Every structure is written in C-alpha cells, then in structure tokens.
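In: Have a look at this fold, sequence not included:
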C-alpha cells in the first residue's frame, strides 16, 4: 500500500508545476477556506521532492504556521483530550493543525538527515526548523522540537557530522541553544545507558566489566560525542551576561488585542524572559554541563571515542565542570587500564590530584609501570614526558622512589631510539639535580663482592670517569670481578626494585652511543651535577617530541669540519675475507717510495700502463 502511495505521489509531483505550488500557497494564506491545500503542500516537503518544490512549499507552510503556533495545543494534550474535542469544532481544527505541524517537523528532520539532500537546501530547512524552535512555544524556546531534532541526529545510522557542523556554525553561539543541547544529551545518554544495559543483560553480558558495545550502538555514542565536542566553552561567570539568546522575544504579537490583554501578555512575557535570561542560564550551565558529561562517560564507549575523550579531557571538560573530583572514578579506571589509555588519562588525573586534592595511593606505582620501551614511540609521548617530569619534581618524593625511576629510565636508554635516549638523559639529570640523596648512584663502584659508595656533596663528576662509575687512580683494577646489577628490572613495585643498591652504569655507555648527538649530550651534562649553584634543570619540552627526523635534520644543519675518509686500494670482494691479502688497502702499511717510483711491487714485478693509471685514481694511506 505504501509503495502504491509513493508511486502516486511521484506521478503527482511530475505533473505539478512550480506555479501550481505558488497558487496553492497563496490561497492557503489568503483564506481559511483553502486549509485543505496544507496537506498538498506538505506532500512536497520530503527528501524525494525537487529542491525548488521543497523551498516553495516550505515558504508557504512556514508563513501559515508561524502566527498559529502559540494557539496550537501540545501533542500530548491533543491526544489526551480527544473526547472533549468531539464537541468543540475549533479544538478539532487546532488539533488537526497540530498533527500537520508535527508531520512538517518530521519531514524537515528527514530532509536534514537525508544523504541525498543538497547542502544549500539543508541550510534553508535548518533555518526554518530553528525558527519553529524559537517561536513554537509562545516566544520561549521550544525544547520539545529541538530534542526531537537532536534525537534524530543521535540515532541516525549514518554519520551526521556535516549537519552537526552546520548547526554548530550557525546556532551554537547562542547560549540557550547550548543549554538545551546539554539537557538533550543527558537524556539521550541515560536512555542509551539503560538500553545498553538491558540488551547486554539479555545477552548475559556485563557492560561495566569492559564489554565492547555492539556495532548498532557505537554510532549513537560517536554522534553524542561529536555534538558535545562542538559546543563552545562558555565562561560561567554571573558577571558576564552579555551572551546572545536565540529565543529572547516574540516577534508575532497580536497588536489588535485589548490593552488589558497586552498587559497580561507582557507580564507573561517578562516572566518567561526572566526564567530564560542569560544570567539564569549561566548559573545553571555548569550543572547541565556536568550532568551531560557524567551521563556520557557512563556509556560503554568505543576505543576510538574513548581516546578522543581523554585527549582533550583536561582542556575541554575539567575546567568547566562544577566539581572535578566527581571525575575521579572515570579517570582512575582509565589510568588502571594500562598502555596508551593510561598515558592519555595521566594528564587529567594529574590536574585533579594537584589542583583539587584527589588522593590516589598507587599513583607512582602505576606511573612506574608505564615506563616501557613502546612509550617512547607513542603518539602522545611528548605530553607524557612533561607530566612525568612534573610528577617527579616534588622534594617530598622518597629517595627509593626517585632512585627507582632514575634506574628504570637508565635501563630503558639501552633499548630506546636516540630521541628517547635524549629525553632519558634530561629526566635523569633533573632527578639528580632535585634529589641529592640519589647521587650515590653516580659514584658507586662495585669491586667483586664488596661495594663502595662515595658521596661527596662538593664532588665533581669528571668527564673522563663517566657517570656510571667514578674510579680513582688508586683503585686496584686487578681485584675487579664481574658483578651482577642488583636492580630488578622486572619488578613492578619500585620499592622492591633494589635501585638504591645499583648505579647508573647505563648512562655511561651512552658516552659511546652510535648517535653522535646522544654522546655529545651525555658529555655536556657530566659537569657539577651535585653543585646546585652551577647547574639548572633542563626543559623536557625541548626533547620530548624528538624523533629520527628531528635528529637527522639537526645533524644535517651542523657544519662539518672534517669529513671521514675511507682508505682502500681496491673494491672489497667479500664481507669476511679469508686472508689479509683480500684487503691490502686496509692494512695501512707504507710503501717504499723508491719502489713506487720504479713502478715495482714488493715481489719485483712491473706494473703495466693501465695498472699505473688506475693506481692514480685509487687512494693510498700510510699509518
């Protein structure tokens, strides 16, 4: 039956001309007797109609409904008062108009969400819909229409990012639009949460224990996050009330009514304006913002959405929430997941701990567990290293904890890229500068089964001796025996890692690193580490975002004073020669000048002319 009606509608649209629609609209606006033209015009407001037909019909229908909106009953009251409407023809007529208006709103939403609709048409339709939102409730914001519109966006099967971008660019500058958007997002998130839990219970699955949402539920989560992430941040200050309001006045007031009715309407209007003033909205904005985000964070978010939320959480959510401590459950749960999720949650968790007094006893144990080689290749490593340096800055940090982090970083320097080694050197330098109690890791020497610790606050670490072991000339090196590093690299508890009994011998090996930039950086820092007045802390930000490309670019910009030269006579024929004669040019032996002038080899044979000319092009070296 529906297919037959759609075919008849398409045939009707083909036979209808644009001038016919103009005539129908003109008659509808001129007299009440032509109200039956309304369903005809509504039939052309659909995603399948040509854009010019949609625009022409919409202009007439919008002009017809706009002055009637304050007198139309609500959808709920019209359905509940059907028995009383049987005796009142006027109420029947207005109830019928209300049903047609609801049909119009539904058609406008379908056009906006249709992928086949033209962008220009979407902009015209969105403006018409927002005009109904502005005027459809007696001059107040019609939240029901706006909620229906946002609900359709959230539950759309396809991505509605283009429509959300259009809505944000034109209407998210009004504070009341953002206010009711947060209210709708809270309702929709709670509905999705309840629906997701019931669905998972039917499938014997637990949402809160890490189960991933189904594919049909992922798109609404993405749509909610996309809408909320595009709402601009408002400064919730009562003193600042100069925000723009979308529904602040009623433009369609009947001037033919009596003065008494005018005064009554003005009082009602003033009361409504006071209820929806910018100052009142500002007072409530933080509360609505908080409720919307808390409801959203309770949802089983997909991993990509989870990462997007954490990436901007410390800038987009925490400063504008009413009580940031309420986010501790979400952040600690994210921090306990491990991997890149913990790295991204660290920034927000650090802000909650330092600014709002959150106590997290296992914070440093979790931070210690994040120090793995893969972290030096992570996307957000720059922010992580800066936060790591900030977390280790407190002078109240226990010595064993500072030593554990220094030793863990020192061990990682053997397996990370050169850019990571540079960050590690800077971090360890700052740790030694801030915590003099761990300077014993620099000057410790282990001889056989004995251990000697040399701690001198005024000592100077020599560049010849290195950072790992400070060996004096009087030490009898013949008594040295192979020793085992007491540091337990596999221990997850920094207190049990035995870092205080170890030394930073790994940093000494970086003096011979294959990357010249790393070797130079180590040597430059081996000066007066224990003298606070002569050394300053290093900015981790200068090294935290390094990579192979940055090191290569810096080396290319360096001025080369001496170029390395290869010494060889002939091109090598194999990588591992069977005898020394295969690499005669690598023996670095001087030749007899007399024999060279005579053109003879050591065996007394003469060169031919071609060999002599070839020898001019070859390079000869003398030791």
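Out: Looks like it came in fine. These numbers were taken from a predicted model, which means no experiment stands behind them.
In: where are the low-confidence patches of this protein?
Out: Counting by pLDDT under 70, the chain contains low-confidence ranges at 1-15, 75-87, 196-216, 236-242, 248-276, 443-483, 527-535, 562-572, 575-623.
In: Tell me which helix or strand comes right after the longest helix along it.
Out: In the chain, with assignment by DSSP state H, the single longest helix is helix 175-202. Sequence-wise, the next helix or strand downstream of helix 175-202 (DSSP states H and E) is helix 215-229.
In: From the contact count, pick out the helices and strands touching that next one.
Out: Counting contacts by 3 or more CB pairs under 8 Å, 6 or more residues apart in numbering; DSSP states H and E, helix 215-229 is packed against helix 143-154, helix 161-171, helix 175-202, helix 278-297, helix 303-311. In this view, the C-beta of every residue, glycine as well, is placed from N, C-alpha and C.
In: Check the gap between residue 129 and residue 484 for me.
Out: Applying CB to CB, to the nearest Å, the value for residue 129 to residue 484 is 74 Å.
In: Those two - which one has more neighbours?
Out: residue 129 (24 against 6; other CB atoms under 10 Å).
In: hang on, residue 574 in a helix?
Out: No: Residue 574: not assigned to a helix; according to DSSP: H, G, I helix; E, B strand; the rest coil it is coil.
In: since we're on it, how many residues are nearby?
Out: 8.
In: and if you look at residue 162?
Out: Neighbourhood size, residue 162 [other CB under 10 Å]: 12.
In: contacting residues around it?
Out: residue 119 (CB atoms under 8 Å, 6 or more residues apart in numbering).
In: let's see 7 Å
Out: For residue 162, no residue meets the contact criterion (CB atoms under 7 Å, 6 or more residues apart in numbering).
In: in the stretch 251-400 of the chain, which spans are helices?
Out: 259-275, 278-297, 303-311, 313-316, 328-335, 339-356, 363-369, 381-391, 399-412 (DSSP state H, counting those that start in this stretch).
In: which strands and helices sit next to the fifth one?
Out: Packed against helix 328-335 by the contact rule (3 or more CB pairs under 7 Å, 6 or more residues apart in numbering; DSSP states H and E) you find helix 339-356.
In: what does the helix it packs on contact?
Out: Counting by CB under 7 Å, 6+ apart, 306-307, 310-311, 313-314, 318, 324-325, 327-328, 331, 334-335, 358, 360, 363, 366, 370, 375, 378, 380, 383-384, 387, 390-391 sit against helix 339-356.
In: Output the helices of the stretch 251-400 of the chain as JSON lines; include the columns distance to residue 556 and mean neighbour count.
Out: Formatted as JSON lines, the helices of the stretch 251-400 of the chain follow (distance: least, CB to CB, whole Å; neighbours: other CB atoms under 10 Å):
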{"stretch": "helix 259-275", "distance to residue 556": "66", "mean neighbour count": "12"}
{"stretch": "helix 278-297", "distance to residue 556": "46", "mean neighbour count": "19"}
{"stretch": "helix 303-311", "distance to residue 556": "32", "mean neighbour count": "17"}
{"stretch": "helix 313-316", "distance to residue 556": "35", "mean neighbour count": "18"}
{"stretch": "helix 328-335", "distance to residue 556": "40", "mean neighbour count": "19"}
{"stretch": "helix 339-356", "distance to residue 556": "31", "mean neighbour count": "19"}
{"stretch": "helix 363-369", "distance to residue 556": "36", "mean neighbour count": "18"}
{"stretch": "helix 381-391", "distance to residue 556": "22", "mean neighbour count": "20"}
{"stretch": "helix 399-412", "distance to residue 556": "27", "mean neighbour count": "23"}
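In: I'd say residue 190 and residue 296 touch.
Out: No: counting by CB atoms under 7 Å, no contact exists between residue 190 and residue 296, whose distance comes to 9.6 Å.
In: circling back to that earlier point, adding distance to residue 119, write the helices of the stretch 251-400 of the chain out as JSON lines.
Out: Output for these, formatted as JSON lines (distance: least, CB to CB, whole Å):
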{"stretch": "helix 259-275", "distance to residue 119": "35"}
{"stretch": "helix 278-297", "distance to residue 119": "29"}
{"stretch": "helix 303-311", "distance to residue 119": "26"}
{"stretch": "helix 313-316", "distance to residue 119": "28"}
{"stretch": "helix 328-335", "distance to residue 119": "37"}
{"stretch": "helix 339-356", "distance to residue 119": "35"}
{"stretch": "helix 363-369", "distance to residue 119": "48"}
{"stretch": "helix 381-391", "distance to residue 119": "37"}
{"stretch": "helix 399-412", "distance to residue 119": "52"}
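In: Helix or strand for the nearest residue to residue 409 once chain neighbours are set aside, just tell me which one.
Out: Nearest in space to residue 409, with sequence neighbours left out and distances taken as CB to CB, 6 or more residues apart in numbering, is residue 424 at 4.7 Å. Assignment of secondary structure by DSSP H and E places residue 424 within helix 418-434.
In: Hey, what's the angle from that helix to helix 381-391? Just curious.
Out: Interaxial angle of helix 418-434 relative to helix 381-391 (axes from the mean of the first three to the mean of the last three CA atoms, to 10 degrees): 10 degrees.
In: who does helix 418-434 touch, helix- and strand-wise?
Out: Counting contacts by 3+ CB pairs under 7 Å, 6+ apart, helix 418-434 packs against helix 381-391, helix 399-412, helix 516-525, helix 541-544, helix 548-557.
In: Try it again at 10 Å.
Out: helix 381-391, helix 399-412, helix 440-443, helix 505-509, helix 516-525, helix 541-544, helix 548-557 (3 or more CB pairs under 10 Å, 6 or more residues apart in numbering; DSSP states H and E).
In: between the ones you listed, which gets nearest to residue 92?
Out: Of all the helices and strands packed on helix 418-434, helix 381-391 sits nearest to residue 92, with 64.5 Å by CB to CB.
In: Which of the three states applies to residue 244?
Out: Assignment for residue 244 (three-state DSSP): coil.
In: what number of residues lie near it?
Out: 11.
In: host element of residue 61?
Out: Applying DSSP H and E, one finds residue 61 within helix 51-65.
In: Tell me which residues of that helix come out buried.
Out: Within helix 51-65, the residues that qualify as buried by neighbour count (16 or more other CB atoms under 10 Å) are 53-62, 64-65.
In: Kindly report the same for stretch 175-190.
Out: So stretch 175-190, judged by 16+ other CB under 10 Å, has buried residues 175-190.
In: Equivalent analysis for stretch 504-515, please.
Out: 504-511, 513, 515.
In: What is the end-to-end distance of it?
Out: Using CA to CA, to the nearest Å, the end-to-end distance of stretch 504-515 comes out at 20 Å.
In: Could you do stretch 435-442 as well?
Out: 12 Å.
In: Between helix 143-154 and the longest helix of the chain, find me the angle.
Out: 50 degrees.
In: could you give the angle of helix 175-202 to helix 278-297?
Out: Using the same axes, to 10 degrees, helix 175-202 lies at 20 degrees relative to helix 278-297.
In: Would you mind telling me which of the helices and strands packed on helix 215-229 is nearest residue 123?
Out: helix 161-171 (6.4 Å).
In: what angle separates that closest one from helix 143-154?
Out: 150 degrees.
In: so residue 550 makes contact with residue 419?
Out: Yes: in this structure, residue 550 is within contact of residue 419 by CB atoms under 10 Å, at 6.8 Å.
In: what is in contact with these two at once?
Out: 517, 543 (CB atoms under 10 Å, 6 or more residues apart in numbering).
In: Give me the more crowded residue out of these two.
Out: Higher neighbour count among residue 550 and residue 419: residue 419, with 23 against 15, using other CB under 10 Å.
In: Isn't the more buried one up against residue 553?
Out: No: if you go by CB under 10 Å, residue 419 and residue 553 don't touch, sitting 11.7 Å apart.
In: Give the residues shared as contacts by the two.
Out: residue 547.
In: How about the contacts made by residue 307?
Out: Residue 307 neighbours (CB under 10 Å, 6+ apart): 301, 334, 340-341, 344, 379-380.
In: As a markdown table, those residues with distance to residue 404 would be great.
Out: Listed next are the contacts of residue 307 as a markdown table, based on distance: CB to CB, whole Å:
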| residue | distance to residue 404 |
| --- | --- |
| 301 | 34 |
| 334 | 24 |
| 340 | 23 |
| 341 | 23 |
| 344 | 24 |
| 379 | 26 |
| 380 | 23 |
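In: Noted, bye for now.
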